[in-house]
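Participant: model this:
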Amino acid sequence: TLGMVIAFGSEDIRVTNCLFDQPLFDQIELGAARHVEIRNNEFTKFNSRHCIHAHGGSANNMIIADNYFHDGYPYEGVIFAYLGTAGSRVVNNIFANVGKRDPNDPATDTGLAYGVLIVRSGEITVENNVFYKVEDIGILANEFTGFGTYRNNIFLEGGVGIRLRGGILPGSSSTGAIVDYNIFYRNGADLLIIAGEEPFLDHLPTGNCLGGPVPSLPACDPKVVNAAAYDFHLQSSSPAIDAGDPTVPVPVG
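Facilitator: Residues are numbered from 1 along each chain as shown. Below you'll find the model as predicted:
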């Protein structure tokens, strides 16, 4: 069962100010739909498959921005960007409390708790997002996902922050990748890149605050107002203030 389908050559579609709160196979599925903007929506109770599943043909140049994804248990990823989604941007979103098991049904293991899962679709930008208690991996780039940009994100109390997995061919997930100016705090692991993949990156990761596993370096504590209450505004003493990539325009807010 699908919530909303945008497909078959659809172009220039905007989905804004909606609430998706049912455990559907996909809350939004995009297939062969170009230039789709998904902005300022709330997604929760995604206990079956994905919030947003984009794939097939020309599902390229998506903008997924300013959304609130929280309290769900996806089979794979909250956002699954598959074939044909090149050039897409995932920016200014919050991913909070993404787990594998519904605490109200602990016997059910719904699968994998990824924030953003990218498979066989490169040139995707994921920046200026907050990942809080994403149980498995905040951003996972699988095979053939080169030239991705992953920067200016906060990863807090999750499993792994960013993983470039590689796969079929050396460099297939890391060629041209930029992994800069992220903050990692109290995660199981910060940044995982398969040994030998580093030479394929655009450049070695720079500007990241690597807190390390719990207990993390206090200097990497982003000092959000109240993570448990999902208030991710930054306190005035936060090291995340003015800590993004200096070459990137300051995001709104």
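Participant: what about the stretch 51-200 of the chain, any weak spots by pLDDT?
Facilitator: The stretch 51-200 of the chain contains residues with pLDDT under 70 at 57-59, 106-110, 167.
Participant: Name whatever forms a beta bridge with residue 43.
Facilitator: Note on residue 43: beta-bridge partners by DSSP bridges are residue 20, residue 69.
Participant: Same question for residue 183.
Facilitator: residue 154, residue 209.
Participant: cool, and the one 4 residues further on?
Facilitator: Beta-bridge partners of residue 187, counted by DSSP bridges, are residue 213.
Participant: give me every residue that touches residue 35.
Facilitator: 11, 12, 13, 61, 62 (Cβ atoms under 8 Å, 6 or more residues apart in numbering). (Each C-beta comes from the backbone N, C-alpha and C, glycine too.)
Participant: Need the three-state assignment for it.
Facilitator: Here residue 35 takes the strand state, with states given by DSSP: H, G, I helix; E, B strand; the rest coil.
Participant: need the strands for the stretch 151-253 of the chain, in chain order.
Facilitator: 154-156, 160-164, 178-180, 183-185, 189-193, 209-210, 224-226, 231-234 (DSSP state E, counting those that start in this stretch).
Participant: out of these, nearest to residue 48?
Facilitator: Within the strands of the stretch 151-253 of the chain, the stretch nearest residue 48 is strand 160-164; the backing value is 23.2 Å (Cβ to Cβ).
Participant: For that closest one, which strands pair with it and how are they oriented?
Facilitator: strand 137-141 (parallel), strand 189-193 (parallel).
Participant: Tabulate these (CSV), appending mean neighbour count.
Facilitator: Listed next are the strands paired with strand 160-164 as CSV, based on neighbours: other Cβ atoms under 10 Å:
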stretch, mean neighbour count
strand 137-141, 29
strand 189-193, 19
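Participant: any chance of the ones you listed in CSV, plus distance to residue 43?
Facilitator: Shown next, in CSV, are the strands paired with strand 160-164 (distance: least, Cβ to Cβ, whole Å):
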stretch, distance to residue 43
strand 137-141, 16
strand 189-193, 26
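Participant: Any idea which of the strands of the stretch 151-253 of the chain gets closest to residue 26?
Facilitator: Shortest distance between residue 26 and these, using Cβ to Cβ, is found for strand 160-164: 23.2 Å.
Participant: burial count for residue 85?
Facilitator: Residues contacting residue 85 under the criterion other Cβ atoms under 10 Å number 27.
Participant: Now render the strands of the stretch 151-253 of the chain as JSON lines, adding distance to residue 113.
Facilitator: JSON lines is the format used below for these (distance: least, Cβ to Cβ, whole Å):
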{"stretch": "strand 154-156", "distance to residue 113": "13"}
{"stretch": "strand 160-164", "distance to residue 113": "11"}
{"stretch": "strand 178-180", "distance to residue 113": "21"}
{"stretch": "strand 183-185", "distance to residue 113": "17"}
{"stretch": "strand 189-193", "distance to residue 113": "15"}
{"stretch": "strand 209-210", "distance to residue 113": "22"}
{"stretch": "strand 224-226", "distance to residue 113": "20"}
{"stretch": "strand 231-234", "distance to residue 113": "19"}
